[in-house]
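**Student:** Requesting a structural model of the entry that follows:
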Amino acid sequence: MGKVALITGSTSGIGRLIAYKFAKEGISVAITGFGQESDIVSQLKMLENQGVDAKYFFENLKNGRECKQLVEDVYAHFGRLDILINNAGMQCTAPIDQLPDEKWEEALSINLSASFYTIKAALPIMRRQNWGRIINISSVHGFVASVNKTAYVAAKHGIIGLTKGISIETAQENITCNTICPGYVYTPLMEAQILSKSKEHHLSFEEEKNRFVSEKHPSRSFVEMQDVAELAFFLTRDCAKQIRGSSYIIDGGWSSV
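**Tutor:** The predicted structure follows:
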């Protein structure tokens, strides 16, 4: 069997595109996330049509034990685990003094702790195989802050620190750990948000789209999901074997301002 990738949060958005890219490249994929059963079945068929094995797993990533169980279940099904992409995340927006304690805990558990637990479970497998690639999806918010997003910003900064720590611990092994830090990515969720804002601001969809992205991206263009997927695949290739602990910012220039 060829390589196997576990991609969390891969039933929609960026994760879904990453799963498809990897399947096209001949990598079997384990997907996780929320969604209608019919949509997940359709996605699995699309992935299997690329000639690889694909399976859906559902675990509660807010729970460390279930994160470990997810990795164990993937290994039990495929017999190996070569690539781990920690993509699952959630957003919460509120001033810090109005942010419910449970939302803070949830944001850190999904956006940061889940990556720690999956990496901890996956590393022994990768070490036995003498090969592994770990990619953590952070955000431009791992470098800059935005108002009312303290929990998200804290967690995404933490992901970058986690990545650096893992990369040092595996520096002399054939295992790498890196981070991708997107800005505004044009996902179906983003499209719905723009549509809502266009009605609120009494603007056309295109006017609101341009207004929204231009606030943060000097390029005045969104990051495309496919761009993130291509970057993720690049980081799994042998030519990237000495890229360790790096953070790849793909944000249209946002963090350069």
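**Student:** C-alpha from now on. contacts and neighbour counts both.
**Tutor:** Fine.
**Student:** distance of L123 from V213?
**Tutor:** 38 Å (CA to CA, to the nearest Å).
**Student:** what does N136 give?
**Tutor:** Taken as CA to CA, the span from N136 to V213 is 24 Å.
**Student:** These two - which one has more neighbours?
**Tutor:** N136 (27 against 22; other CA atoms under 10 Å).
**Student:** Let me know whether G64 touches K120 as I believe.
**Tutor:** No: taking contacts as CA atoms under 8 Å, G64 lies outside contact range of K120: 10.2 Å.
**Student:** Which of these two has more residues huddled nearby?
**Tutor:** Using other CA under 10 Å, the more surrounded residue of G64 and K120 is G64, with 18 against 15.
**Student:** For the nearest residue to the more buried one once chain neighbours are set aside, give me its contacts.
**Tutor:** Leaving aside its sequence neighbours, G64 sits nearest to Y117 (CA to CA, 6 or more residues apart in numbering; 5.8 Å). Applying CA atoms under 8 Å, 6 or more residues apart in numbering, we find Y117 in contact with G64, R65, C67, K68.
**Student:** And the helices in this structure?
**Tutor:** 13-24, 37-48, 64-78, 101-108, 114-129, 150-169, 188-201, 205-214, 225-234 (DSSP state H).
**Student:** Please identify the deepest-packed of these.
**Tutor:** Looking across these with neighbours counted as mean count of other CA atoms under 10 Å, the highest average goes to helix 13-24: a mean of 22.
**Student:** and that helix, what other elements does it pack with?
**Tutor:** On a contact count with 3 or more CA pairs under 8 Å, 6 or more residues apart in numbering; DSSP states H and E, helix 13-24 meets strand 4-7, strand 28-32, helix 37-48, helix 225-234.
**Student:** Could you dump these into TSV with distance to W104 added?
**Tutor:** Formatted as TSV, these follow (distance: least, CA to CA, whole Å):
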stretch	distance to W104
strand 4-7	24
strand 28-32	23
helix 37-48	29
helix 225-234	27
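**Student:** can you list the domain ranges for the chain.
**Tutor:** 4-185+224-256, 186-222 (automatic domain parsing).
**Student:** Take those domains and lay them out in a markdown table including mean pLDDT.
**Tutor:** Below are the domains of the chain laid out as a markdown table (pLDDT from 0 to 100):
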| stretch | mean pLDDT |
| --- | --- |
| domain 4-185+224-256 | 97 |
| domain 186-222 | 96 |
